[in-house]
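Undergrad: fold the following and give me the result.
(one chain, ligands or ions: 1)
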Amino acid sequence: MDFLHNIAVVGAGMAGLAAARALQQAGRSVQIFDKGRRPGGRMSSRCNAHGLFDLGAQYFTVRDPDFAKVITHCEKLGVVARWPDLMACHVDGQWQSRHPEHPRYSGVPSMAALTDALAESLEIHQQVRITSITRTGSTWRLEDQNGRLWSGFDHVIVAIPAPQAAQLLHEVATSLLPLPGMSSCWSTWVRFEDTLAMPEGIDTWQGAFLKTSPMLRWAARNQTRPGQHGGERITLLANDDWSDRHLEADPDQVADEMIEAFRQCYPVPLPAVKAQGAHRWRYAQPRRPTEHTAGYLVDMSKGLSLCGDWCIDGRVEAAWQSGNRLAQALCRA
Ligand SMILES: Cc1cc2nc3c(=O)[nH]c(=O)nc-3n(C[C@H](O)[C@H](O)[C@H](O)COP(=O)(O)OP(=O)(O)OC[C@H]3O[C@@H](n4cnc5c(N)ncnc54)[C@H](O)[C@@H]3O)c2cc1C
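TA: Residues are numbered from 1 along each chain as shown. Model (predicted):
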């Protein structure tokens, strides 16, 4: 037990938060370090002068019974609700509407509400980017971007995208390397002057799969998320292939091109654009699911482990499972 008492978690996305919560509930002392201003990682939301936009994870599904318990509790707290319920699909040049076959959920009013709720009561050091980790005697020492040292950890959990983890660990964790690659994703937000007109035969839609666009894969109407209203605020996601090929492109040009691609596949003329912008996720999703593993990587002899969506599959629920499974394994050790 003493061997695993003081634990550092690098990364306050869904995986790091799930691991930290389970370990804290089991009586361990946990400190989280995250380079962002807020927890949430790829579930964080953007609030600007034009409103609230989700530019990362759009919704999540719930199949794992333990994750379902967490989400049911969050639904009762009012930070999670079902969304989207009315979806559209652009396939073979046709727009069709449908209800999702499996319930989908969003944070209320945006995805970040869920990670904010999970972060409550955890000790998180925000805007602290860990640049190196070193074993000193029987404990670990972390160094951040300002040269500050954080010492005395029995175990370090690295809960960040695989390519960033590989970079952080290349000198200390050869037994856990190499790690898989991840694809990128360009995400564009658009505030329109007026409400979008609906395609013929569709009353309304909240999210749309754009299956035949060579560039786009998804569009969402942020104002339809639970707890939001007013102002047509669209998120557009580009597909992996296009994003990878335009990784270093200028964000303003990317936004222009993505809106033009949406215009081309939307069957009704779009209203005038009031404001727009693009965000690049350099490491958005694992290239291949790796479901056959335990769902995390651990080197007990070193006191070092890794978790994240990429250990299972590029989904919010998979990130939670990875962190939670790792914490359960460490508690049994
Ligand atoms: C555009 C996009 C759309 C998506 N859509 C969906 C969807 O609809 N449904 C779904 O289920 N999933 C979706 N996903 C995937 C989902 O967002 C992820 O599976 C999940 O959020 C990953 O959580 P994580 O904790 O593994 O990693 P992350 O969320 O990436 O968390 C890692 C954290 O580590 C921090 N960090 C990184 N390096 C350091 C460092 N050196 N020091 C300190 N902190 C560091 C980061 O700031 C971040 O907060 C989408 C992802 C993207 C990008």
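Undergrad: for the rest of this, base every contact and every neighbour count on C-alpha atoms.
TA: Fine.
Undergrad: so which residues of the stretch 51-200 of the chain form strands?
TA: Counting by DSSP state E, counting those that start in this stretch, one finds strands in the stretch 51-200 of the chain at the ranges 51-54, 80-82, 87-91, 94-98, 105-107, 123-126, 130-136, 139-144, 149-153, 155-158, 182-192.
Undergrad: how about the fourth one as CSV, C-alpha atoms only?
TA: Coordinates of the C-alpha atoms in strand 94-98 are reproduced here as CSV (Å, rounded to 0.1, in the frame of the first residue of the first chain):
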residue,chain,number,x,y,z
GLN,A,94,-29.4,12.7,-50.2
TRP,A,95,-30.2,14.2,-46.7
GLN,A,96,-32.0,11.8,-44.4
SER,A,97,-33.1,12.3,-40.8
ARG,A,98,-33.0,9.6,-38.1
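Undergrad: now it: mean pLDDT?
TA: Averaged over strand 94-98, pLDDT sits at 88.
Undergrad: the fifth one now?
TA: The predicted model assigns strand 105-107 a mean pLDDT of 98.
Undergrad: who are the packing partners of it?
TA: Here strand 105-107 touches strand 80-82, going by 3 or more CA pairs under 8 Å, 6 or more residues apart in numbering; DSSP states H and E.
Undergrad: likewise for the last one?
TA: With contacts taken as 3+ CA pairs under 8 Å, 6+ apart, strand 182-192 sits against strand 233-238, helix 240-245, helix 251-265, strand 273-286.
Undergrad: buried set for the second one?
TA: Buried positions in helix 240-245, judged by neighbour count with 16 or more other CA atoms under 10 Å: 240, 243, 244.
Undergrad: is it in proximity to the ligand?
TA: No. Helix 240-245 does not reach the ligand (CA under 6 Å from any ligand atom); its nearest approach is 9.7 Å.
Undergrad: export that helix to PDB, keeping only CA atoms.
TA: The C-alpha trace of helix 240-245 is given here as PDB (Å, rounded to 0.1, in the frame of the first residue of the first chain):
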ATOM      1  CA  ASP A 240      -8.600  12.300 -40.800                       C
ATOM      2  CA  ASP A 241      -7.200  12.100 -44.200                       C
ATOM      3  CA  TRP A 242      -7.800  15.800 -45.200                       C
ATOM      4  CA  SER A 243      -6.700  17.000 -41.700                       C
ATOM      5  CA  ASP A 244      -3.400  15.000 -41.900                       C
ATOM      6  CA  ARG A 245      -2.700  16.400 -45.400                       C
END
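Undergrad: contact residues of this protein facing the ligand?
TA: Looking at the ligand, the residues of the chain close enough under CA under 6 Å from any ligand atom are 10-16, 33-36, 39-43, 55-60, 128-131, 159-161, 185, 281, 284, 308-309, 314-317, 319.
Undergrad: still on that earlier bit, same list, the strands of the stretch 51-200 of the chain, but as TSV with distance to residue 333 and mean neighbour count please.
TA: Output for the strands of the stretch 51-200 of the chain, formatted as TSV (distance: least, CA to CA, whole Å; neighbours: other CA atoms under 10 Å):
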stretch	distance to residue 333	mean neighbour count
strand 51-54	38	23
strand 80-82	33	21
strand 87-91	45	20
strand 94-98	47	16
strand 105-107	34	24
strand 123-126	23	18
strand 130-136	20	16
strand 139-144	17	19
strand 149-153	16	17
strand 155-158	12	25
strand 182-192	30	24
